[in-house]
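Enquirer: Give me a 3D structure for the following:
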Amino acid sequence: ATLAGSAMAQSNVTVYGLIDAGLVRESGGLSSGNTLLGSGIAAGSRLGFKGREDIGNGMAGVFTLESGYNIDTGAMGQGALFGRQAFVGLETTAGNVYLGRQYTPLFLTVNAIDPFGGASMAGSGANMLAEGGIRMNNTVKYVMPKAGPFSAEVAHGFGEQSGSTSNGRTIGAKAGYVSGPLSMHLGYHRENGLTGSSTGRNIMVGGTYDLKVFKAHLGLQSNKGLVIINFRPIANTDTRDLIVGATVRFGVNTLLASYTIKDDRGTSNADAKQIAVGFSHPLSKRTDLYASVGHIDNDAPAGSGRFYTVGNGSSQGTGNKAYNVGMRHVF
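Expert: Model (predicted):
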């Protein structure tokens with residue numbers, strides 16, 4: 001009977017991926033500048049596998065295994081076989097539960113608000129905005145079923161430190177509202193230190209208003225404690241951030257622009273401002289060309305812990321100025 005039930009279930013596996021490479025020019029840091037061929041600039045290069053099996057009664061078993069890599073060297077990205085995503089889950093009419101390495105709710109919030117889509121291209125808001133480290137390990141995530149225009153999810157990442165249930169623990173949540181051209185998002189992230197001595201907390205609220213040809217973006221973020229920004233931890237943070245931006249579509253082309261302000265309320269008072277412009281041109285439904293430029297005006301000196309750099313989808317960058325041109329193919 002078990003074999004018969006398995007035979008009746010419908011399942012499928014999808015192989016997908018993204019290949020991204022381009023030229024990057026960085027300057028304004030401690031060095032005289034750097035020109036390189038980079039991988040994963042507009043979006044991290046990846047190879048993934050997705051599976052779904054309908055098991056009846058409105059339920060489905062699912063999984064995602066996604067590996068990052070660097071196309072310029074062929075090396076593995078994120079330092080793990082499936083460092084981008086690795087989870088298994090059960091989807092039901094009462095909501096979905098996923099177990100494994102997954103995106104933080106805060107990253108998904110920033111990704112929805114930032115015109116550059118989170119950690120992508122030079123000038124991304126991720127150069128100055130916290131994203132909760134992008135991913136959470138050892139995570140249980142619950143995504144509520146769609147309720148009209150509302151959506152929500154919560155995530156708990158186990159710290160797995162012997163003798164403590166709180167050390168290293170990560171908690172995240174996200175709520176959304178989408179109705180017509182209006183899209184609103186609220187994201188939360190809290191991460192405890194491995195020894196319990198350091199804790200970081202981030203809250204972001206914002207949204208977009210899409211008029212098809214023109215899309216407006218606005219986001220506000222508050223950060224406290226140990227915060228991860230642009231792939232690096234920054235301790236003793238107390239900042240308020242603002243990002244405003246626009247997406248302009250003309251013909252098949254897309255123009256992106258954003259302005260980000262960091263108000264440092266700590267003793268260092270290391271304020272910063274970033275201006276960024278990007279452009280993409282599709283050659284087909286799966287292949288596009290892109291270019292972008294970003295510049296950060298830092299109050300803190302180069303080399304200090306609060307000197308913010310212009311990175312891209314796979315690098316934190318080396319200076320406060322960068323531009324890139326590249327090509328991206330999705331399969």
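
Enquirer: Any stretches of the protein with poor pLDDT?
Expert: Residue ranges of the chain with pLDDT under 70: 1-10, 118-119, 196.

Enquirer: Following the longest helix along it in sequence, what is the next regular element?
Expert: Of all the segments of type helix in the chain, defined by DSSP state H, the longest one is helix 105-113. Going down the chain from helix 105-113, the next helix or strand is strand 135-143, by DSSP states H and E.

Enquirer: List the strands paired with that following strand, with their directions.
Expert: Counting by DSSP bridges, the strands paired with strand 135-143 are strand 95-103 (antiparallel), strand 150-157 (antiparallel).

Enquirer: for that strand, the distance to its chain's centre please.
Expert: 14 Å (Cα atoms, centre = their mean, to the nearest Å).

Enquirer: L108 against A175, yeah?
Expert: No. Counting by Cβ atoms under 8 Å, L108 stays clear of A175, with 11.0 Å between them. Using the backbone N, CA and C atoms, a C-beta is placed for each residue, glycine as well.

Enquirer: Between the two, which is the more surrounded one?
Expert: Ranked by neighbour count (other Cβ atoms under 10 Å), L108 and A175 place L108 first, with 22 against 18.

Enquirer: List the contacts of that one.
Expert: K174, G187 (Cβ atoms under 8 Å, 6 or more residues apart in numbering).

Enquirer: Now do whichever strand or helix holds R201: everything it contacts.
Expert: Secondary structure assigned from DSSP H and E places R201 in strand 199-210. The contact list for strand 199-210, computed with Cβ under 8 Å, 6+ apart, reads 106, 109-110, 112-113, 129-130, 132, 181-193, 215-228, 237, 243.

Enquirer: Let's see the distance spanning stretch 210-218 from one end to the other.
Expert: 12 Å (Cα to Cα, to the nearest Å).

Enquirer: Can you point out the buried residues in that stretch?
Expert: D210, K215, H217 (16 or more other Cβ atoms under 10 Å).

Enquirer: just how off-centre is it within its chain?
Expert: 20 Å.

Enquirer: Stretch 112-124 too?
Expert: With Cα atoms, centre = their mean, you get 8 Å for stretch 112-124.

Enquirer: The strands paired with strand 135-143: which one's closest to D271?
Expert: strand 95-103 (29.1 Å; Cβ to Cβ).

Enquirer: quick check: angle from that closest one to helix 105-113?
Expert: Interaxial angle, strand 95-103 versus helix 105-113 (axes from the mean of the first three to the mean of the last three Cα atoms, to 10 degrees): 90 degrees.
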